[in-house]
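J.: this one's structure only:
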Ligand SMILES: [Zn+2]
């Protein structure tokens with residue numbers, strides 16, 4: 001919400017004659033609410049001793065100007081540079097539904113010659129809140145980023161002329177559609193590479209595009225939870241100096257760096273450690289270009305995991321589900337310094353859950369260290385097993401059915417079902433037999449699994465050994481942690 005005050009002069013700001021509009025520079029968009037008030041006691045002289053206030057009431061005859069009729073002396077506004085008008089009076093509350101534009105205010109008179117005086121219009125603009133404007137989906141956000149990159153690649157950018165109107169449009173709110181964690185390197189500016197304007201990208205830049213830091217993760221969390229952004233892109237780049245230095249810190253050179261730079265680099269060094277295992281490829285004291293490029297890619301993937309893990313560890317069920325179901329995407333990209341090409345490191349096109357329900361494999365762990373669901377080929381038994389017997393820990397896919405209801409599908413393609421007497425079994429491979437589950441958040445990182453049997457809510461119970469059953473009370477059910485399983 002922003003408050004503005006403007007003096008509208010009867011002489012200077014009349015619609016016709018020598019008058020000009022009072023340009024407020026307030027740009028209004030769909031969903032905004034405009035409120036203009038004028039104290040009724042303020043008056044202006046319409047000439048020949050005819051006094052009027054913002055309602056035009058003291059001077060009660062009508063003027064028609066360009067096909068629009070208002071009381072002479074009225075305060076009127078326009079959102080299209082005076083092509084059409086609306087009557088303001090002493091108070092106007094206008095939800096902006098279709099017309100968008102920059103607000104101008106006028107004194108309604110055909111002749112400004114003899115006018116004098118002014119009224120003070122107080123303008124309050126309530127911008128559409130982030131909750132009201134529907135955020136772009138993760139997939140649409142990624143598409144928009146790729147389209148912007150295509151413009152950059154084809155040297156047809158749209159973003160190189162930023163008008164004052166565009167700056168003002170975002171003065172009171174922001175609705176960025178992507179979070180970009182990029183290297184601080186001066187040659188890798190995300191707004192230019194993805195051809196986006198003010199208000200489009202929420203950019204965090206740090207040498208080596210490292211996420212493992214409260215200020216970086218907190219910024220990402222803020223943009224997801226408070227700005228409703230659905231896409232996070234980790235943008236690394238070719239010949240990254242930070243990664244090269246980190247390799248020399250942890251590699252054969254064991255080079256030392258002091259101060260905060262040393263801390264930054266020793267934070268990156270273990271992340272690219274798998275690359276050292278191929279030391280035979282490092283020639284002499286120089287970090288081989290191939291090794292460096294591998295490390296850049298490893299680092300991008302590693303930072304994606306750091307971000308995903310940090311978001312899951314917030315223990316917020318809806319956020320976790322959004323990540324599992326690709327409603328929130330964390331992807332990576334590598335920028336090529338030589339030719340400006342962007343290569344997406346993770347699959348740039350997420351699976352559509354409606355068309356392709358296959359999701360990353362998950363395991364359910366109980367607080368007593370048991371893993372469920374374990375099934376046999378062909379189904380019929382659902383067991384809880386000791387998670388230490390990892391070879392027996394069977395993972396499953398989470399399949400979204402509708403409106404936060406899910407089915408569990410085992411690696412054998414069978415769906416978890418429940419019998420009328422409360423036993424949990426593994427049914428056949430027909431999804432219509434699957435028990436429809438809801439995840440109920442319990443405490444920080446635990447969930448209960450709820451389903452319907454005989455028109456009654458029931459909850460999973462996993463005993464230390466044996467068959468999994470269900471209970472009618474959540475308090476006696478088992479609470480689970482849901483973890484991702486490496487394939
Ligand atoms: Zn860099």
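T.: Now that the structure is in, tell me what you want to look at. Everything numeric here is computed off the predicted structure, so don't read it as measured data. Numbers count the residues shown, from 1 in each chain.

J.: what is the burial count for the closest residue to the ion within the stretch 251-400 of the chain?
T.: Evaluated by Cβ to the ion, the stretch 251-400 of the chain has residue 296 as its residue closest to the ion, separated by 8.2 Å. For every residue, glycine as well, the C-beta is placed using N, CA and C. The number of residues packed near residue 296 is 26, by other Cβ atoms under 10 Å.

J.: likewise residue 289?
T.: Number of residues near residue 289 (other Cβ under 10 Å) recorded here: 11.

J.: what of residue 405?
T.: 17.

J.: you'd agree it is up against residue 437?
T.: Yes. Residue 405 lies in contact with residue 437 (Cβ atoms under 8 Å); the separation is 6.7 Å.

J.: show me what the helix or strand encompassing residue 63 is packed up against.
T.: Residue 63 is located in strand 62-65, with elements delineated by DSSP states H and E. Identification of packing neighbours for strand 62-65 by 3 or more Cβ pairs under 8 Å, 6 or more residues apart in numbering; DSSP states H and E yields strand 68-71.

J.: which helix or strand lies directly C-terminal to the strand it packs on?
T.: Counting by DSSP H and E, the next helix or strand C-terminal to strand 68-71 is strand 75-78.

J.: let me see the mean pLDDT of that next one.
T.: Mean pLDDT, strand 75-78: 92.

J.: and that strand, what does it pack onto?
T.: strand 86-87, strand 101-107.

J.: would you mind listing what in this structure touches the ion?
T.: Selection of the chain residues close to the ion by Cβ under 5 Å from the ion yields 183, 185, 240, 242.

J.: what backbone torsions are found at the third one?
T.: Put plainly, it is residue 240. Phi and psi for residue 240, reported as degrees, to the nearest 10, are phi -70, psi 120.

J.: just give me the neighbour total for it.
T.: Residues near residue 240, counting by other Cβ under 10 Å, number 27.

J.: got a list of what it touches?
T.: 183, 185, 208, 209, 292, 296, 299 (Cβ atoms under 8 Å, 6 or more residues apart in numbering).

J.: just to revisit the earlier point, highest mean neighbour count out of the helices and strands packed on strand 75-78?
T.: Greatest average neighbour count among the helices and strands packed on strand 75-78 goes to strand 101-107 (a mean of 23), per mean count of other Cβ atoms under 10 Å.

J.: following the chain onward from it, which element is next?
T.: Following strand 101-107 toward the C-terminus (DSSP H and E): strand 118-126.

J.: so which bits of that next one are buried?
T.: Of the residues in strand 118-126, 118, 119, 121, 123, 125, 126 count as buried by neighbour count, 16 or more other Cβ atoms under 10 Å.

J.: can I get these in TSV including pLDDT?
T.: Supplementary listing: the buried residues of strand 118-126 in TSV, determined by pLDDT from 0 to 100:
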residue	pLDDT
118	87
119	89
121	91
123	91
125	86
126	79
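
J.: so residue 78 touches residue 108, yeah?
T.: No. Under the criterion of Cβ under 8 Å, residue 78 makes no contact with residue 108, lying 11.0 Å away.

J.: please enumerate the shared neighbours of these two.
T.: Common neighbours of residue 78 and residue 108, using Cβ under 8 Å, 6+ apart, are residue 85.

J.: strands along the stretch 351-487 of the chain, start to end?
T.: Here the stretch 351-487 of the chain has its strands, by DSSP state E, counting those that start in this stretch, at 362-366, 370-374, 383-386, 396-402, 405-410, 416-418, 424-426, 438-442, 446-453, 456-461, 469-471, 480-484.

J.: and residue 173, how many neighbours does it have?
T.: Residue 173: 17 surrounding residues under other Cβ under 10 Å.

J.: do the same with the one 5 residues further on
T.: For residue 178, the count of nearby residues is 26 (other Cβ under 10 Å).

J.: residue 201 now?
T.: Residue 201 has 21 nearby residues by other Cβ under 10 Å.

J.: before we move on, what about residue 7?
T.: Count around residue 7 with other Cβ under 10 Å applied: 14.

J.: parallel or antiparallel, which strands does the strand holding residue 63 pair with?
T.: Counting by DSSP bridges, the strands paired with strand 62-65 are strand 68-71 (antiparallel).

J.: show me which residues of the strand it pairs with are buried.
T.: 68, 70, 71.

J.: let me know the pLDDT of the residue of the stretch 1-150 of the chain at minimum distance from the ion.
T.: Nearest residue of the stretch 1-150 of the chain to the ion (Cβ to the ion) works out as residue 149 at 18.5 Å. Predicted confidence (pLDDT) at residue 149: the value is 94.
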